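Peer 1: 3D model of this:
(one chain, ligands or ions: 1)
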Amino acid sequence: MVLRVAVIGAGPAGLCAARHLSAEPDRYLPTVYEQTAAVGGTWVYTDRTGTDEHGIPVHSSMYKNLRTNLPKEAMVFPDFPYDSSLPSYLTHKEVLRYLENYAENFELHKYIQLLTRVDAVKPIHVHDAVKWQVTTFKVTAPDSPITEQFDAVMACNGGRYSVPYIPVISGTDQFQGRTLHSHDYRVPEPFSERKVLIIGALASEVDICVDIAQVADSVVISHSNPPMIEIHNLPANITQAARVESIVGPNTVRFQDGQEFHADDIVYCTGYRLSFPFLTPECGVTVHQGRAYPLYKHVLNTTYPTMSFVGLMHHATSFSLFQLEIKLALGVLDGSLSLPSKAAMDQEIDQDFKTRLEKGLTPRQAHDIFPLYLSHITELAMVTRQSDPQGQTSMTMDSFMHLFSDPQHFRNAEYKITGPETWERVPGQGEKQ
Ligand code: FAD
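Peer 2: Residues are numbered from 1 along each chain as shown. Down below sits the predicted model:
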């Protein structure tokens, strides 16, 4: 019997799911639903913010000058190399072209329904089996829903990086300047000659800070990064500050160490809410404070393991990890992977969460990989009997470290692959160590 699998989203994760499902036509028939007009997910840049021309919230968080924060050698599908003439660090257009080529090479377009949004997913019991009722609508005809039945569902909707999270800061209502979340950041020009406060300082946030500093009068970046990701070698008009304590005037921000700053604008680089708006309560997955529960290995819904989530893990290698997650989901569907009991899986999930809190992580870091949980990738590779992308994992770690040690120049470096899992980094021009 051929299993019908609904894949939600045609970003890198959804394309990878379609590629591996369609490789076994006697076993699977994928249908990929994509709400926008193109494949590529967050790598499809748009000037638009807010909603698109069909009234759907803009999904992509890409900004115009973005170049990758990982070298291409660490963000590659194992079975589809990049054009070798490209440098290690790519523009978003080059990544998009890679993804388009991937879709074309594996002839995925015939499985993809563009401009189709998944509205609701619900498990139903048919005889003794669990099936999935998936309700979609064409974004051009939102009042005409279509419901179809599937054997499995893969959520590849990029639920990790598209709905802004803004923390509550006391006094925010009296701030008279402009505020923006990094999801809506596109170009630096509106910040020309202004005093800008950036709140948050992880990878893309440091990049946005450097992008804005090219035109701003001054930029203050407020954060509480741990010592291992302290930021060095920033442009001269950027200073670092402690966490924001409160807004104390129409344009005045007070930090936890008592210092104050006059801010014309605030850019919240404070991350995203996990978002799976199509989940119905019957799916048995809750999303609370950045944690989706209960997901075995951060992928499988333990109540109904024919539902999987790809791309939930945070601060990790991306494309090769997606492939491992998809292999885990396929292992359940083809029966090659025997899962522990639900109680045992839930116990493992609870233990993982408890250990994270004991190590000082917050609930919102329930699915973080970098820097403490790199072994998760090795474990997934073992469970799925795939090769461990150790080289990519260590390059990811290395690239993150260089991003924080010299955000302006680290992209001038090149990574050379020297063996199956070994590599060498050739420092770039102007780079400070
Ligand atoms: P996405 O790329 O977000 O794709 C999800 C797709 O699902 C979208 O096309 C969306 O339209 C669609 N969709 C969502 N909901 C629905 C629905 N209900 N119905 C139908 N379709 C739906 N990763 C790296 O490896 N290197 C980097 O340098 C890097 N830089 C980044 C910079 C920024 C600013 C951001 C935001 C992320 C960056 N990432 C980077 C991570 C990036 O998110 C991943 O590389 C990758 O795009 C995630 O793939 P995905 O398929 O899970 O999600």
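
Peer 1: which ones are touching Gly171?
Peer 2: Ser246, Ile247, Val248 (Cβ atoms under 8 Å, 6 or more residues apart in numbering). In short, each C-beta sits where N, CA and C put it, glycine included.

Peer 1: hang on, Gln214 packs against Pro188?
Peer 2: Yes. Judged on Cβ atoms under 8 Å, Gln214 makes contact with Pro188 at a distance of 5.7 Å.

Peer 1: which of the two has more neighbours?
Peer 2: Per other Cβ atoms under 10 Å, whichever of Gln214 and Pro188 has more neighbours is Pro188, with 19 against 14.

Peer 1: in what helix or strand does the residue of the stretch 251-400 of the chain found nearest the ligand lie?
Peer 2: Here the stretch 251-400 of the chain gets closest to the ligand at one residue, Gly311, 2.9 Å apart by Cβ to the nearest ligand atom. For Gly311, there is no host helix or strand (DSSP states H and E).

Peer 1: How many residues are close by it?
Peer 2: 30.

Peer 1: Relative to Ile8, how far out is it?
Peer 2: Distance of Gly311 to Ile8, given as Cβ to Cβ, to the nearest Å: 11 Å.

Peer 1: Identify the contacts common to those two.
Peer 2: Cys156.

Peer 1: quick revisit: for the contacts of Gly171, could you give me a markdown table that also reports distance to the ligand?
Peer 2: As requested, the contacts of Gly171 are arranged in a markdown table below (distance: Cβ to the nearest ligand atom, whole Å):
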| residue | distance to the ligand |
| --- | --- |
| Ser246 | 28 |
| Ile247 | 26 |
| Val248 | 31 |
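
Peer 1: Close to the ligand: what parts of this structure are there?
Peer 2: By Cβ under 6 Å from any ligand atom, the residues of the chain that approach the ligand are 8-14, 33-36, 41-43, 59, 61-62, 68-70, 75, 117-118, 156-158, 161-162, 204, 278, 311, 318.

Peer 1: how about a cut-off of 5 Å?
Peer 2: 9, 11-13, 33-36, 41-42, 59, 61, 68-70, 75, 117-118, 157-158, 161, 204, 311, 318 (Cβ under 5 Å from any ligand atom).

Peer 1: Please enumerate the strands of the stretch 201-350 of the chain.
Peer 2: 218-222, 238-241, 244-247, 252-255, 260-262, 265-268, 272-273, 286-288, 291-293, 295-296, 300-301, 307-309 (DSSP state E, counting those that start in this stretch).

Peer 1: looking at the ones you listed, which is closest to Val95?
Peer 2: Taking Cβ to Cβ, strand 272-273 is the member of these nearest to Val95, at 19.2 Å.

Peer 1: The closest one: partners in the sheet, and parallel or antiparallel?
Peer 2: Within its sheet, strand 272-273 is paired with strand 163-164 (antiparallel), according to DSSP bridges.

Peer 1: Heading C-terminal from the strand it pairs with, find the next helix or strand.
Peer 2: Scanning forward in sequence from strand 163-164 by DSSP H and E, the next helix or strand is strand 178-181.

Peer 1: Please give me every residue in contact with the residue of the stretch 51-200 of the chain found nearest the ligand.
Peer 2: Residue nearest to the ligand within the stretch 51-200 of the chain (Cβ to the nearest ligand atom): Gly158, separated by 2.1 Å. Applying Cβ under 8 Å, 6+ apart to Gly158 gives the contacts Gly9, Gly11, Ala13, Gly41, Thr42, His59, Gly311.

Peer 1: go again using 7 Å as the cut-off
Peer 2: Gly9, Gly11, Gly41, Thr42, His59, Gly311 (Cβ atoms under 7 Å, 6 or more residues apart in numbering).

Peer 1: ok, so of these, who is nearest Lys195?
Peer 2: Using Cβ to Cβ, the contacts of Gly158 come closest to Lys195 at Thr42, 29.7 Å.

Peer 1: Could you give the number of residues near the nearest residue to the closest one once chain neighbours are set aside?
Peer 2: Spatial nearest neighbour of Thr42, excluding adjacent residues (Cβ to Cβ, 6 or more residues apart in numbering): Ser60 at 4.8 Å. By other Cβ under 10 Å, the residues close to Ser60 number 22.

Peer 1: So Ser60 is in contact with Asp47, correct?
Peer 2: No. Look at Ser60 against Asp47 with Cβ atoms under 7 Å: they stay out of range, at 10.5 Å.

Peer 1: Tell me which residue of this structure is positioned farthest from its centroid.
Peer 2: His127 (37.4 Å; Cα atoms, centre = their mean).

Peer 1: what's near enough to touch that residue?
Peer 2: No contacts exist for His127 under Cβ under 7 Å, 6+ apart.

Peer 1: before we move on, the earlier item: could I get the contacting residues of the closest residue to the residue of the stretch 251-400 of the chain closest to the ligand other than its chain neighbours?
Peer 2: Of all residues not flanking Gly311 in the chain, Ala13 sits nearest, at 4.1 Å (Cβ to Cβ, 6+ apart). Taking Cβ under 7 Å, 6+ apart, we find Ala13 in contact with Cys156, Val310, Gly311, Phe322.

Peer 1: Next: Ile208.
Peer 2: Tyr63, Ser182, Tyr185, Ile198, Val267, Cys269.

Peer 1: Could you do Asn157 as well?
Peer 2: Ile8, Gly9, Phe276.

Peer 1: what about it, distance to Asp47?
Peer 2: Asn157 sits 22 Å away from Asp47, going by Cβ to Cβ.

Peer 1: mind checking the backbone torsions on Ser341?
Peer 2: Per-residue torsions, Ser341: phi -60, psi 160 (degrees, to the nearest 10).

Peer 1: Now do it: how many residues are near it, please.
Peer 2: Ser341: 9 surrounding residues under other Cβ under 10 Å.

Peer 1: next one: Thr286
Peer 2: 11.

Peer 1: Ala74 now?
Peer 2: Ala74 has 25 nearby residues by other Cβ under 10 Å.

Peer 1: any idea which element the nearest residue to it once chain neighbours are set aside lies in?
Peer 2: Sequence neighbours aside, Met395 is the residue nearest to Ala74 in space, at 4.0 Å (criterion: Cβ to Cβ, 6+ apart). If you go by DSSP H and E, Met395 is part of helix 390-405.

Peer 1: Then Cys16?
Peer 2: Secondary structure (DSSP H and E) places Cys16 in helix 12-22.

Peer 1: mind listing the helices in the stretch 201-350 of the chain by residue range?
Peer 2: 203-213, 319-333, 342-358 (DSSP state H, counting those that start in this stretch).
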